[in-house]
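Asks: sequence? don't have it. structure:
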């Protein structure tokens, strides 16, 4: 299904979008990848949503990516005898391991690993940062704090610890069970929550064992500090601005977003910008002007994808939210300033033959009357490198592997088309010309650029480029063998 824009849209599924008709409507409205949030929904519910997506994929003959988002280690306070308490600024408040219900002076924090890492002066953020506590003294089983910012604290509210790297297992037991479940189910991307270090990614990669690409969610200050190392071992990245904006001053998030997006682009790894993009559309059929500008900013930065969370999972207007995001993307990408920004921020470091081939393909396409770049890919790397160039013309990624096509649904500008296994380059050129015509990218009067690797069906061998007519008879006339 051809899109009229390059940035991809990720839509989260949930109670508002868990039947065939709604999910199909979301895909037709613009959703390229569906997110299954493992924090919500039973395995049976997740399995059913997965089945519906694959059914729609078959019905529409359109590769659809599925991203499973693991919950990650959730840190929460215990319960209160009265359900909630009001904390006043400058009062003392204790967190401890006692399992009794809390009151206005203390509450259980059932995470000994936090106490092991805390030091005096550290900050603890409760309920998405609405309450801020500063540690005055601490031990292996307690932390005595001063309330810096007061407010209502209630049962099982989340706790963030921005100042220290916590000695937490990257994957909880729930995460391990969920990982095995979704990988066996057949998802394409596995998102890791609360990544702190590259070792967290390596552990998940070992468990996934090639069954899914690994996407690291950047939502901890520790992850920002060692981002280059995390990026090196990840297949993609999500800039998860929710928790990032809790653990860091909110004014720090926009420049971090820009830096991370640019680094991902340079590395040819897909990057998603997520969280509160059209938040008001949970309740309203229209977004705010600020939200539209937020989505547009991510697109101007060259992000591979923008994501909807509760807007499509639990909101009243899931299809309208996807439609709005699609329309914003089309409008932004038609702006001349968009091309100027994208091209000015192109910073790829080219070291390989494949790098040179895709750069040449873009140059040729943009300096002559080429309608589309067709790249044959097995692992998806050639398509990712082509997308990194952010060419002005569409990209057709042709592959014989369904899994590769689904993963590339997250990559900027790629239109994935299935093809049989090929043995000769001329056959590849003919298939590319046919795909360009059938997809409406070119006519028999046009020319296309084709890139591939010889020998065929061997990952990492991109070494050939050809400018070819889109008329098969002309291809055979110029290359009868």
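Replies: Received, thanks. Because the structure is predicted, anything quoted here is derived from the model rather than measured.
Asks: buried ones in stretch 329-349, by neighbour count?
Replies: By 16 or more other C-beta atoms under 10 Å, the buried positions in stretch 329-349 come out as 329, 330, 332, 333, 338, 342, 345, 348. For the C-beta atoms, the positions are set from N, CA and C on the backbone; glycine is no exception.
Asks: need those residues in TSV with secondary structure and distance to residue 383, can you?
Replies: As requested, the buried residues of stretch 329-349 are exported to TSV (DSSP: H, G, I helix; E, B strand; the rest coil; distance: C-beta to C-beta, whole Å):
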residue	secondary structure	distance to residue 383
329	helix	20
330	helix	22
332	helix	23
333	helix	19
338	helix	21
342	helix	18
345	coil	20
348	coil	15
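Asks: tell me the least confident of these?
Replies: pLDDT across the buried residues of stretch 329-349 is at its lowest for residue 348, which sits at 66.
Asks: so the residue nearest to the spatial centre of the chain bridges to which residues?
Replies: In the chain, the residue lying closest to the centroid (C-alpha atoms, centre = their mean) is residue 272, at 3.7 Å. Beta bridges link residue 272 to residue 238, residue 305 when assigned by DSSP bridges.
Asks: list the contacts of it.
Replies: Counting by C-beta atoms under 8 Å, 6 or more residues apart in numbering, residue 272 makes contact with 10, 215, 236, 237, 238, 239, 303, 304, 305, 306, 307, 410.
Asks: out of these, who's nearest residue 352?
Replies: Ranked by distance to residue 352 (C-beta to C-beta), the contacts of residue 272 are led by residue 236 at 20.0 Å.
Asks: what does that closest one show for phi and psi?
Replies: Backbone torsions of residue 236, given as degrees, to the nearest 10, read phi -170, psi 170.
Asks: can you pull the contacts of it?
Replies: Taking C-beta under 8 Å, 6+ apart, we find residue 236 in contact with 189, 213, 214, 215, 216, 264, 269, 270, 271, 272, 304, 410.
Asks: quick one: it from residue 190, how far?
Replies: To residue 190, residue 236 is 10 Å away according to C-beta to C-beta, to the nearest Å.
Asks: between these two, which contacts overlap?
Replies: Taking C-beta under 8 Å, 6+ apart as the contact rule, residue 236 and residue 190 both touch 213, 214, 215.
Asks: ok, the residue nearest to residue 374 when sequence neighbours are not counted to residue 395 distance?
Replies: Once flanking residues are discounted, residue 374 sits nearest to residue 432: 3.7 Å by C-beta to C-beta, 6 or more residues apart in numbering. Using C-beta to C-beta, residue 432 is found at 12 Å from residue 395.
Asks: show me the shaky parts of the stretch 351-481 of the chain.
Replies: Counting by pLDDT under 70, the ranges of the stretch 351-481 of the chain that qualify are 476-481.
Asks: the helices in it, which residues?
Replies: Secondary structure of the stretch 351-481 of the chain (DSSP state H, counting those that start in this stretch): helices located at 353-367, 381-388, 402-407, 425-438, 472-478.
Asks: any idea which of these gets closest to residue 142?
Replies: Closest to residue 142 of the helices of the stretch 351-481 of the chain is helix 402-407 (C-beta to C-beta; 46.7 Å).
Asks: and residue 288, how many neighbours does it have?
Replies: Residue 288 is flanked by 13 other residues according to other C-beta atoms under 10 Å.
Asks: count the residues that sit near residue 425.
Replies: Neighbours around residue 425, by other C-beta under 10 Å: 17.
Asks: thinking it is in contact with residue 464, fair?
Replies: Yes - at 6.4 Å, residue 425 and residue 464 qualify as touching, with contact defined as C-beta atoms under 8 Å.
Asks: so residue 144 touches residue 137, yeah?
Replies: Yes - counting by C-beta under 8 Å, residue 144 does reach residue 137; the two are 4.9 Å apart.
Asks: neighbour count for those two, which is higher?
Replies: residue 144 (17 against 12).
Asks: in what helix or strand does the more buried one lie?
Replies: Residue 144 belongs to strand 142-149 when assigned by DSSP states H and E.
Asks: do you have the helices of the stretch 1-150 of the chain handy? List them.
Replies: Secondary structure of the stretch 1-150 of the chain (DSSP H, counting those that start in this stretch): helices located at 20-29, 43-60, 112-117.
Asks: tabulate those helices in a markdown table, adding columns for mean neighbour count.
Replies: Shown next, in a markdown table, are those (neighbours: other C-beta atoms under 10 Å):
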| stretch | mean neighbour count |
| --- | --- |
| helix 20-29 | 18 |
| helix 43-60 | 16 |
| helix 112-117 | 16 |
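Asks: got those helices as CSV, with distance to residue 284 columns?
Replies: Supplementary listing: these in CSV, determined by distance: least, C-beta to C-beta, whole Å:
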stretch, distance to residue 284
helix 20-29, 17
helix 43-60, 25
helix 112-117, 38
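Asks: quick one: closest of those to residue 319.
Replies: The closest of the helices of the stretch 1-150 of the chain to residue 319 is helix 20-29. By C-beta to C-beta, the value is 5.1 Å.
Asks: the closest one vs helix 43-60, what angle?
Replies: With axes from the mean of the first three to the mean of the last three C-alpha atoms, to 10 degrees as the basis, helix 20-29 and helix 43-60 are set at 50 degrees to each other.
Asks: and helix 20-29, average pLDDT?
Replies: 98.
Asks: next: stretch 196-214.
Replies: The pLDDT scores in stretch 196-214 average 97.
Asks: report the distance from stretch 175-191 to the chain centre.
Replies: In this view, stretch 175-191 has its centroid 15 Å away from the chain centroid, taken as C-alpha atoms, centre = their mean, to the nearest Å.
Asks: what residues does that stretch touch?
Replies: 33, 35-36, 38, 43, 46-47, 50, 54, 65-73, 171, 204, 207-209, 211-217, 235-236, 238, 403, 406-407, 409-410.
Asks: using JSON lines, lay out the shared contacts of residue 236 and residue 190 together with distance to residue 355 and secondary structure.
Replies: What follows is the shared contacts of residue 236 and residue 190, written out as JSON lines (distance: C-beta to C-beta, whole Å; DSSP: H, G, I helix; E, B strand; the rest coil):
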{"residue": "213", "distance to residue 355": "21", "secondary structure": "strand"}
{"residue": "214", "distance to residue 355": "23", "secondary structure": "strand"}
{"residue": "215", "distance to residue 355": "23", "secondary structure": "strand"}
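Asks: now, of the residues you listed, which are buried?
Replies: 213, 214, 215.
Asks: what's in contact with stretch 244-255?
Replies: Contacts of stretch 244-255 from elsewhere in the structure, counted by C-beta under 8 Å, 6+ apart, are 125, 128-129, 160, 162, 218-221, 224, 241, 256, 275, 297.
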